[in-house]
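Q: Below are the sequence and a predicted model; questions follow.
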Amino acid sequence: MFSGHLPEWLDSFPALAVLSLKNNLFNGSLPDSLSSLETMRILSLSHNNFYGSVPDLRRLTNLQVLEMDNNAFGPQFPLLGDKLVTLVLRNNKFRSSIPGEVSSYYQLERLDISANTFVGPFQLELLSLPSIAYLNISGNKLTGMLFENLSCSPGLEAVDLSSNLLTGTLPKCLMSNTNDRTVLYDRNCLEETNQNQHAPPFCHTEAIAVGIVPEGKKHKRVSKAVLSIGIVCVTFGGIAIVALIFFIIRRVNFKTKIKSPPTKLISENAASGYTSKLLSDARYISQNMKFGTVGLPPYRAFSLDEIVAATSNFDTASFMGEGSQGKLHRGQLKDGVLVAIRSVKMTKSYSTQDFMHNIELISKYRHRHLVSVLGHCFECYLDDSSVSSIFIVFEYVPNGTLKSWISDGHYRKSLTWTQRIEAAIGVAKGIQFLHTGIVPGVYSNNLKITDVLLDQNFTAKISSYGLPLLSNMGKVGQGNHSSGFKSSSINKSVKNEDKSDVYDFGVILLELILGRTIKSRNVKTLKDLLQASITADGEARRSIIDPAVRKACLDQSLKTMMEICVRCLVKEPAERPSIEDVLWNLQFAAQVQDAWRGDSLSSSDGSPISPLASRRMAFHH
Ligand SMILES: *[C@@H]1O[C@H](CO)[C@@H](O)[C@H](O)[C@H]1NC(C)=O
Ligand SMILES: *[C@@H]1O[C@H](CO)[C@@H](O)[C@H](O)[C@H]1NC(C)=O
């Protein structure tokens, strides 16, 4: 029963992340101070008496859930960041068109703008937003022509287009009302449907009545044309002219729609040059992809059906193992992409909303040197819709663990020295990303050589880093072990937290150099051995390392690697090098090795496992 205006001093809580005021009697317009609450993630204002325009919320770059339904906001569509997952504007007084930016909300799962007076074209791209599951535009005055061949996002579960001014044919992808997709579209002017429709002239007349044509240079000319013809129409009122107008409008609609065919990936939209904002978003996204996530499809929510289909209903043949992070199944998506799916059963009752924040974090775990996350899926109980299981979909990395590629992996060829340095660089970059590439950073990942996988190009990728799936959820955070997840730490409050990963990296390096896996109780002894050999002569140094690379590594490169290794394994965490320092030295070792290789062997050998050893032997003798 809170009433009256919202105070201006909301911005005196600079760390506020969740603000729910729903079901009260607040009135007045929103204070401008809302626009500076940059940490806001969830903002719910539903069921109050707020009115007026919404302050500019574009600076709230963390905002994921915005619920404003059942107020009197309007008339302009709010200005928002593009990370939204849920946007509910239902039952307000919005009367604008839908801005083009909305089709760049690539994480949007739920969009409800129903029961307003939105005008202008319905953006067909909304049907194919990568994450969209629920789309409700009913009860507006949105116009536009639908086509049979439009594509819809596979995750789309419910679509309500009813009571608008849509014409054309219902898309095939919306035709079947199956168990997993509900589609409502009555009271439009669609052709050949089995839900109640108006005759086409109704939609055209209404569309003219509300002055549909949106702003924007591209459409200005059209707008004038329609308007002047509209005036002519009013003046003469001739039936023949009315028919002509309908024809022209259809043509215009048809043309503008054709220019921007809906596509599944937002980045693809860039090519059609739909709006400059969209273009810059797409560029941002594709730059993101260049920046470490090359070739990965956009992060998205998967449906349970997709998960079940991919694993043949968790067939035993698809079972890969049960590690420290829950059960793992191999799977293949409809489009042929191989994935690894990790399933975690919930032992406590949570709603999907409880996981919003964690899912947002997880969606950032995408990097060239991580086994990256492609998406997630919730399985919920039917009775109270609490979460029963979470499935995390990872890219599938085909070439086994790094361990299987050193000498005591037995059943494979060994990696060359150069490849070992490259693998080490990959792992270090992966760790660097976990520490600094995501906020908050993930520390103490307890990495082992068996956690590093190699892909078809022998790129090293860290798997089973600590996913923050159940962290920061109160008490249950400590229950991590029961859920089968590694307990990693996502805060650096403990001093030198980042150095525990550096130590683990040192152990992996030791194993790469010596060519065998090492029990933790032996690390100290072997580190001392390495330390002693650094000051010994080249021959002695060489004698302790993996025989498979003994002949093919340059002494300077070997020495550098040993030095890094020893420094990483120093007992006192503060004295271990930073991961950046490690990376720099590894790159030095790689360069030295490379230069030597370049001098001694002019022929280039592109194959990943190159039989260089024999040729190098020749060089040495
Ligand atoms: C807003 O609510 C307060 C308290 O209920 C009331 O006194 C005031 O008249 C309301 N203002 C408007 C514009 O409705
Ligand atoms: C979709 O249909 C329209 C009209 O029916 C046609 O012009 C267009 O080429 C089709 N697009 C595709 C991708 O098939």
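A: On my side now, so go ahead. Ligands and ions are numbered 1, 2, ... in the order given.
Q: can you map out the helices along the stretch 451-600 of the chain?
A: Secondary structure of the stretch 451-600 of the chain, counting by DSSP state H, counting those that start in this stretch: helices at 480-483, 499-514, 523-535, 538-543, 547-550, 555-568, 579-600.
Q: would a markdown table of those helices with mean pLDDT and distance to residue 416 be doable?
A: C-beta: built from backbone N, CA, C; applies to glycine. Below are the helices of the stretch 451-600 of the chain laid out as a markdown table (pLDDT from 0 to 100; distance: least, C-beta to C-beta, whole Å):
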| stretch | mean pLDDT | distance to residue 416 |
| --- | --- | --- |
| helix 480-483 | 31 | 39 |
| helix 499-514 | 94 | 11 |
| helix 523-535 | 89 | 20 |
| helix 538-543 | 86 | 15 |
| helix 547-550 | 84 | 7 |
| helix 555-568 | 94 | 12 |
| helix 579-600 | 82 | 10 |
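Q: Out of these, which one sits most buried?
A: Among the helices of the stretch 451-600 of the chain, the stretch with the highest mean neighbour count (mean count of other C-beta atoms under 10 Å) is helix 499-514, at a mean of 23.
Q: Quick one, which of the helices of the stretch 451-600 of the chain gets closest to ligand 2.
A: helix 480-483 (44.8 Å; C-beta to the nearest ligand atom).
Q: Enumerate every residue touching residue 447.
A: 427, 431, 462, 465, 501, 504-505, 508 (C-beta atoms under 8 Å, 6 or more residues apart in numbering).
Q: With distance to residue 169 added, can I get the helices of the stretch 451-600 of the chain in a markdown table?
A: Shown next, in a markdown table, are the helices of the stretch 451-600 of the chain (distance: least, C-beta to C-beta, whole Å):
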| stretch | distance to residue 169 |
| --- | --- |
| helix 480-483 | 48 |
| helix 499-514 | 57 |
| helix 523-535 | 68 |
| helix 538-543 | 74 |
| helix 547-550 | 65 |
| helix 555-568 | 64 |
| helix 579-600 | 57 |
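Q: per-domain residue ranges of this protein.
A: 3-207, 215-261, 398-445+488-621 (automatic domain parsing).
Q: right, and the helices of the stretch 451-600 of the chain - which one's nearest ligand 1?
A: That would be helix 480-483 among the helices of the stretch 451-600 of the chain, by C-beta to the nearest ligand atom, at 46.8 Å.
Q: Distance to ligand 1 added to the domains of the chain, as CSV?
A: Output for the domains of the chain, formatted as CSV (distance: least, C-beta to the nearest ligand atom, whole Å):
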stretch, distance to ligand 1
domain 3-207, 4
domain 215-261, 31
domain 398-445+488-621, 40
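Q: Indicate which one of the helices of the stretch 451-600 of the chain is closest to residue 413.
A: Residue 413 lies closest to helix 547-550 among the helices of the stretch 451-600 of the chain, at 8.4 Å (C-beta to C-beta).
Q: I would like the residues contacting that closest one, please.
A: The contact list for helix 547-550 (C-beta under 8 Å, 6+ apart) reads 406-407, 414-417, 420, 515, 542-543, 613.
Q: try 10 Å
A: Contact partners of helix 547-550, identified using C-beta atoms under 10 Å, 6 or more residues apart in numbering, comprise 405-407, 413-420, 512-513, 515, 541-544, 558, 613, 616-617.
Q: Can you turn the buried part of those into a ChimeraX selection?
A: Restricted to buried positions by 16 or more other C-beta atoms under 10 Å, the ChimeraX selection for these reads:
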select :405,406,407,414,415,416,417,418,419,420,512,513,515,541,542,544,558,613,616
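Q: can you tell me how far residue 456 sits from residue 361?
A: Using C-beta to C-beta, to the nearest Å, we find residue 456 at a distance of 28 Å from residue 361.
Q: looking at the chain, which helix or strand is least sure?
A: In the chain, no helix or strand scores lower on mean pLDDT, DSSP states H and E than helix 266-272, which sits at a mean of 28.
Q: List the contacts of residue 14.
A: Each residue near residue 14 by C-beta under 10 Å, 6+ apart is listed here: 36-39.
Q: got a list of what residue 55 touches?
A: Contacts of residue 55 by C-beta under 10 Å, 6+ apart are 29-36, 78-79.
Q: Contacting ligand 2 as well, which ones from these?
A: For ligand 2, no contacts are drawn from these by C-beta under 6 Å from any ligand atom.
Q: where in the stretch 301-450 of the chain is pLDDT low?
A: 323-325, 408-412 (pLDDT under 70).
Q: the strands in it, which residues?
A: 319-323, 326-332, 338-345, 373-380, 387-395 (DSSP state E, counting those that start in this stretch).
Q: a markdown table for those, including mean neighbour count?
A: As requested, the strands of the stretch 301-450 of the chain are exported to a markdown table (neighbours: other C-beta atoms under 10 Å):
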| stretch | mean neighbour count |
| --- | --- |
| strand 319-323 | 13 |
| strand 326-332 | 19 |
| strand 338-345 | 20 |
| strand 373-380 | 20 |
| strand 387-395 | 21 |
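Q: Could you dump the ones you listed into JSON lines with distance to ligand 2 added?
A: Formatted as JSON lines, the strands of the stretch 301-450 of the chain follow (distance: least, C-beta to the nearest ligand atom, whole Å):
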{"stretch": "strand 319-323", "distance to ligand 2": "38"}
{"stretch": "strand 326-332", "distance to ligand 2": "26"}
{"stretch": "strand 338-345", "distance to ligand 2": "28"}
{"stretch": "strand 373-380", "distance to ligand 2": "26"}
{"stretch": "strand 387-395", "distance to ligand 2": "28"}
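Q: Kindly reformat those as CSV containing distance to residue 445.
A: Below are the strands of the stretch 301-450 of the chain laid out as CSV (distance: least, C-beta to C-beta, whole Å):
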stretch, distance to residue 445
strand 319-323, 14
strand 326-332, 16
strand 338-345, 16
strand 373-380, 15
strand 387-395, 15
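Q: right, and those - which one's nearest residue 444?
A: Here strand 319-323 is closest among the strands of the stretch 301-450 of the chain (C-beta to C-beta), at 17.3 Å.
Q: okay, the closest one in PDB with CA atoms only?
A: This file holds the C-alpha atoms of strand 319-323, laid out as PDB (Å, rounded to 0.1, in the frame of the first residue of the first chain):
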ATOM      1  CA  PHE A 319      27.400 -40.700 -21.600                       C
ATOM      2  CA  MET A 320      30.800 -39.200 -21.300                       C
ATOM      3  CA  GLY A 321      31.400 -39.300 -17.600                       C
ATOM      4  CA  GLU A 322      30.600 -37.900 -14.300                       C
ATOM      5  CA  GLY A 323      33.200 -35.500 -13.300                       C
END
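Q: Tell me who's in contact with the closest residue in space to residue 24 that isn't next to it in sequence.
A: Distances taken as C-beta to C-beta, 6 or more residues apart in numbering place residue 2 nearest to residue 24, at 4.2 Å, with adjacent residues excluded. Contacts for residue 2 (C-beta under 10 Å, 6+ apart) come out as 21, 23-26, 48.
Q: Then residue 90?
A: 46, 67-71, 112-116, 136, 138-139.
Q: try residue 385
A: 351-352, 378.
Q: same check, this time on residue 19
A: By C-beta under 10 Å, 6+ apart, residue 19 lies in contact with 6, 10, 13, 34, 37, 40-45.
Q: Also residue 188?
A: Residue 188 neighbours (C-beta under 10 Å, 6+ apart): 122, 138, 142-143, 146, 161-168, 170, 195-198, 200, 202-203.
Q: one step back: between residue 456 and residue 361, which has more neighbouring residues?
A: Taking neighbours as other C-beta atoms under 10 Å, residue 456 and residue 361 compare with residue 361 leading, 20 against 9.
Q: Of the contacts of residue 14, keep whichever come out buried.
A: 37-38.
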